[in-house]
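>>> pasting the sequence and the predicted coordinates here, then a few questions.
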Amino acid sequence: MSVHRTIGLHVFLSALSLLSLTAQAAEPPRLEITGDYRYKVHESESMADAKNLACREAFRLAVINSAIYREQTAMVVDSALLRDLAYSLTTRVEDQQILEQTEQGRTVYCRVKGYLATDESARVIRTQLSGGPVPAEGLDQNRVLRLLSVKEESPGLLTVQYQALKRLDWIGTHYQGGFRESADIMVDFYDDQGVLIQSERYQARRTTTGDDVMSAGAVGMLQVAKPARAKTYRVWLVK
């Protein structure tokens, strides 16, 4: 092969590699996600419907376990809104693949893989999270506290009612069985783009001045001022 032809071939291959890299760079970044789900089929269900459900749930779990979903919803209570969000993102999973699907008696299993466009997924999450306040079914609970209600009683003022599930002690000498480190209520506020603008932490006391003890079953109330530019909020408990 002549020198000129060799040089020409090298130039052609270099240009081809450059075009390939440029095309890859132009593509929006994507995140690979995987998930699996095992489901016991009810007597009233068809096997085909059960298999579809197992794969749909596998994709939902793949979305929930993805880095972008965890990062964007890290400060948000698991609720009906977040479940709807996960299902919404499931419909946007690209190049969906069923890697494994098995049937054993009345149990079906599905393992899947796909891709999420990171920028678009982040936009969808922020938009959906800014759609309204947390629904009643999204109220939180940990081992010592239960949220009973969260209401915006008057413009700019949230009222949070909660109940102690175990004795909570607030005296300086902490006795065994007290749970001061877990008896905290978090309130997060978001702007109209779904971006967190403020996060506040409150101790769960019976009154605003603070009682030393809340017995199991005792009910307390917290009132929190809502920032002027906050459009939505989330109330949750430290685990």
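Alright, I've got the coordinates. Numbering: from 1, shown residues only.
>>> contacts for the one helix or strand residue 161 maps to?
Residue 161 is part of strand 157-164, with elements assigned from DSSP states H and E. For strand 157-164, contacts defined as C-beta atoms under 8 Å, 6 or more residues apart in numbering pick out 144-153, 183, 185, 187, 204, 214-226, 233, 235. Placement of C-beta: from N, CA and C, glycine included.
>>> show me what the following helix or strand past it is packed against.
Helices and strands here follow DSSP H and E; after strand 157-164, the next one along the chain is strand 168-169. With contacts defined as 3 or more C-beta pairs under 8 Å, 6 or more residues apart in numbering; DSSP states H and E, the packing partners of strand 168-169 are strand 213-214.
>>> adjacent strands (with direction) for the helix or strand just after the strand it packs on?
Next along the chain after strand 213-214, taking DSSP H and E as the criterion, comes strand 219-225. If you go by DSSP bridges, strand 219-225 pairs up with strand 157-164 (antiparallel).
>>> buried stuff in the partner strand?
By 16 or more other C-beta atoms under 10 Å, the buried positions in strand 157-164 come out as 158, 160, 162-164.
>>> quick one: low-confidence residue ranges for the chain.
1-28, 45, 77-80, 83-84, 131-139, 170-182, 193-196, 206-212, 238-239 (pLDDT under 70).
>>> how is it divided into domains?
Annotated domains of the chain cover 30-129, 137-237 [automatic domain parsing].
>>> what's the distance between the residue nearest to residue 159 when sequence neighbours are not counted and residue 59?
Leaving aside its sequence neighbours, residue 159 sits nearest to residue 153 (C-beta to C-beta, 6 or more residues apart in numbering; 4.7 Å). Going from residue 153 to residue 59 by C-beta to C-beta, to the nearest Å gives 40 Å.
>>> comparing those two, which residue is more hemmed in?
residue 59 (25 against 8; other C-beta atoms under 10 Å).
>>> if I pick residue 71, what's in contact with it?
Here residue 71 is in contact with no residue (C-beta under 8 Å, 6+ apart).
>>> can you tell me the helix or strand for it?
Going by DSSP H and E, residue 71 is part of helix 67-72.
>>> name the residues of that helix that are buried.
Neighbour-count burial for helix 67-72 [16+ other C-beta under 10 Å]: 68-69, 72.
>>> ok, and the closest non-adjacent residue to the most centrally placed residue in the chain?
Taking C-alpha atoms, centre = their mean, the centroid of the chain lies closest to residue 73, which sits 4.0 Å from it. Using C-beta to C-beta, 6+ apart and skipping the chain neighbours, the partner closest in space to residue 73 is residue 82 (6.1 Å).
>>> in what helix or strand does the one you found lie?
helix 80-90.
>>> which other helices and strands contact that helix?
Here helix 80-90 is seen to pack against helix 47-64, helix 118-129 when contacts are counted using 3+ C-beta pairs under 8 Å, 6+ apart.
>>> and that helix, how far out from the chain middle?
Relative to its parent chain, helix 80-90 has a centroid offset of 9 Å by C-alpha atoms, centre = their mean, to the nearest Å.
>>> following it, which helix or strand shows up next?
strand 94-104.
>>> need the contact partners of that next one.
30, 34, 36, 47, 51, 54-55, 59, 108-117.
>>> mind giving me the ChimeraX command for buried ones among those residues?
Restricted to buried positions by 16+ other C-beta under 10 Å, the ChimeraX selection for these reads:
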select :30,34,36,51,54,55,59,108,109,110,111,112,113,114,115,116,117
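>>> from residue 119, how far off is residue 86?
18 Å.
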